[in-house]
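Asks: Sequence and predicted structure below; questions after.
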Amino acid sequence: MLSAVTSVSAEVKLSGYFIARSECPAYQSFRRKTNPGNVSTNIDQAYDLFAKNKQAATHYRIKMDASPKLRWVAVTCGEHVVPVDVIAAPPIEQPASSALENYILAVSWQPGFCETRPSKPECRSQTKDRFDASNFTLHGLWPQPRNNIYCNVAPEVVATDKDKKWGDLAPLVLENETRAELNKVMPGSQSNLHRHEWIKHGSCYNGEPAEVYYKDSIKLMYALNNSAVRDLFVNNIGKEITSTQIREAFDIHFGDGASDKIKIACKKDGRRRLITEITIALKGDLDELTMADAMLAATNANNVGCNKGIVDPVGLQ
């Protein structure tokens, strides 16, 4: 996880201090009970307080002398103390919690993408038997609304990212298995796309580290790649398919109404129009919900986008 980044998407910002009244574990992720260094609060010690996990909070986010510094502790472990000058200040309006549960999953049909970006490392190395030749690939998982980006990322890091110097961004801390799976479902990692997506979008993912952000993303990708949608694409490589066919596949596999949550993107390649990406609206706790439930709970897309396009095969056509 990047030291310059802390995530604050679903959390509610707070100020003041947390006074520990018990010795309690201080989690990096309270959902997964991860606690690097087995850090605990010290009784009667004050800690800088940054946020609570939701309006009806179960955990506070505090700063500790540990690595990483920002940790979650149970609200029952102590009390929130606010200085007088903070109490007198007008409250900061927070986004509605319902808005903070919304996401867009952006997935690519990699051969179509590579047809328009053949110089990318992941495109130069693509082969007919590689995973991304016949499966959807991860572009990104984007907490909504659209301006919910670069959460507490240092300005110099934002500048590096916007300049597309992604190789200069700090490496992500990921378990070996997660990194291997990510490299498979996100071939853009060869261009450091995973660092960019983490900085811009993952930094706003529910106060979770990169490990959780990408595990949840990988889970969604495998749900999609074991669906009738992927089968439709694989069975029609080199052929043109319509938005109606794609919508039907989503409804068949993920439930009636799932097709209302998608938007299809195409790009011109000479006289051909290629399907390059699908964006999928999701809502809820993506660690707990199935992809079908998250889709059906989401807001409908404004329109379906591209109405037909070719499922491109590997290689320049």
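Replies: Received, thanks.

Asks: packing partners for the helix or strand hosting Y60?
Replies: Assessed by DSSP states H and E, Y60 sits inside strand 59-63. Under the contact criterion of 3 or more Cβ pairs under 8 Å, 6 or more residues apart in numbering; DSSP states H and E, strand 59-63 touches strand 46-52, strand 70-74. Quick note: C-beta positions are derived from backbone N, CA and C, even for glycine.

Asks: Show me the strands in the stretch 1-150 of the chain, by range?
Replies: 12-13, 17-20, 46-52, 59-63, 70-74, 78-81, 102-108, 137-143 (DSSP state E, counting those that start in this stretch).

Asks: The last one pairs with which strands?
Replies: When you say that, I think you mean strand 137-143. Strand pairing for strand 137-143, determined by DSSP bridges: strand 102-108 (antiparallel).

Asks: go on, the shortest one?
Replies: With DSSP bridges as the criterion, the sheet partners recorded for strand 12-13 are strand 46-52 (antiparallel).

Asks: measure the closest residue to A57 other than its chain neighbours to L14 for me?
Replies: Distance criterion Cβ to Cβ, 6 or more residues apart in numbering; nearest residue to A57, sequence neighbours excluded, is V75 at 5.4 Å. Noted for V75: a distance of 11 Å to L14, by Cβ to Cβ, to the nearest Å.

Asks: What of D161?
Replies: On the measure of Cβ to Cβ, D161 and L14 end up 27 Å apart.

Asks: thinking again about what came up before, can you tell me which of the helices and strands packed on strand 59-63 is packed in deepest?
Replies: strand 70-74 (a mean of 22; mean count of other Cβ atoms under 10 Å).

Asks: And I87, what's its pLDDT?
Replies: Looking at I87, its pLDDT is 38.

Asks: With N35 instead?
Replies: With respect to pLDDT, N35 has a value of 88.

Asks: before we move on, what about the one 5 residues further on?
Replies: If you check S40, the pLDDT there is 93.

Asks: is it true that it touches S22?
Replies: No: applying Cβ atoms under 8 Å, one finds S40 not in contact with S22, separated by 9.2 Å.

Asks: So for those two, which sits in the more crowded spot?
Replies: Counted by other Cβ atoms under 10 Å, S40 and S22 do not tie: S40 has more neighbours, with 18 against 14.

Asks: Would you mind measuring from that one to D231?
Replies: 50 Å.

Asks: F254 now?
Replies: For F254, the distance to D231 - Cβ to Cβ - is 13 Å.

Asks: Compare these two (neighbour count), which wins?
Replies: Higher neighbour count among F254 and D231: F254, with 25 against 14, using other Cβ under 10 Å.

Asks: quick check: angle from the longest helix anywhere in the chain to strand 102-108?
Replies: Longest helix in the chain, counting residues (DSSP state H): helix 210-224. Using axes from the mean of the first three to the mean of the last three Cα atoms, to 10 degrees, the inter-axis angle of helix 210-224 relative to strand 102-108 is 70 degrees.

Asks: quick one: buried residues of helix 210-224?
Replies: 210-218, 220-221, 223-224 (16 or more other Cβ atoms under 10 Å).

Asks: Run a quick check on I310 versus F233, I expect a contact.
Replies: No: proximity of I310 to F233 does not meet the contact threshold set by Cβ under 8 Å, at 10.7 Å.

Asks: between those two, what contacts are shared?
Replies: Common contacts of I310 and F233 (Cβ atoms under 8 Å, 6 or more residues apart in numbering): 241, 275.

Asks: low pLDDT regions in this structure?
Replies: 1-11, 83-100 (pLDDT under 70).
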